[in-house]
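>>> when you get a sec, could you give me coordinates for this:
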Amino acid sequence: MTGVTLRAARAADAPAITDVFLAARRPMTYLPVLHTDDEAARFIAAVVAADRVQVAERDGAVVGFAAVHGSWLAHLYVHPSSQNAGLGSSLIGWAKEIAPAGLDLWVFQRNTGARALYASHGWRDLVLTDGADNEEGQPDVHMRWEPSP
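Model prediction:
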């Protein structure tokens, strides 16, 4: 991962993190657009304030982020222009370091790339849903990573 650094997010990073969040979700055409960009920005600002958030930077620009809330990997997004370069794996490594007892996450079933990434890092499917309990109404998967005994 040449030229990429990980660091703790700061409140001032919220706009750049919002840009990554929106750009990463844009190709997920199966997701309905439920919120304006301004609403997404307020949501991300709250995530940065409340959760443990790590950003990935390349040449001083935020290109990815992960947020851990308790024992949940609440968010992991990498800008499409920086995907498949090891950033997701690096952010997963950070999340495992700060939650060494294990992590849970939710991912959309149709997000096969993310599911494969998580599986390659030891996550396993626990529950597949029909999406009735998420605001997007899309089938998702509850996955869990537990450290090796």
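
>>> now the end-to-end length of stretch 81-92.
19 Å (C-alpha to C-alpha, to the nearest Å).

>>> name the helices or strands packed onto the single longest strand found in the chain?
Counting by DSSP state E, the longest strand found in the chain is strand 61-69. The helices and strands touching strand 61-69, judged by 3 or more C-beta pairs under 8 Å, 6 or more residues apart in numbering; DSSP states H and E, are helix 14-25, helix 37-50, strand 52-58, strand 72-78, helix 87-98. In short, each C-beta sits where N, CA and C put it, glycine included.

>>> please name the bridge partners of the spatially most central residue of the chain.
By C-alpha atoms, centre = their mean, the chain has its centre lying nearest to residue 76, at 1.1 Å. Taking DSSP bridges as the rule, residue 76 bridges to residue 66.

>>> okay, buried residues for the lowest-mean-pLDDT helix or strand in the chain please.
Lowest by mean pLDDT, DSSP states H and E among the helices and strands of the chain is helix 37-50, with a mean of 90. For helix 37-50, a neighbour-count test (16 or more other C-beta atoms under 10 Å) marks 40, 41, 44, 45, 47, 48 as buried.

>>> okay, and for the chain, where does confidence drop off?
For the chain, the stretches flagged by pLDDT under 70 are 1-2.

>>> now the farthest one out in it, which residue is it?
residue 149 (25.9 Å).

>>> can you give me the distance of it to residue 55?
32 Å (C-beta to C-beta, to the nearest Å).

>>> who touches stretch 46-53?
Residues outside stretch 46-53 that contact it (C-beta atoms under 8 Å, 6 or more residues apart in numbering): 8-11, 13-14, 17, 65-69, 74-75, 98.

>>> noted, bye for now.
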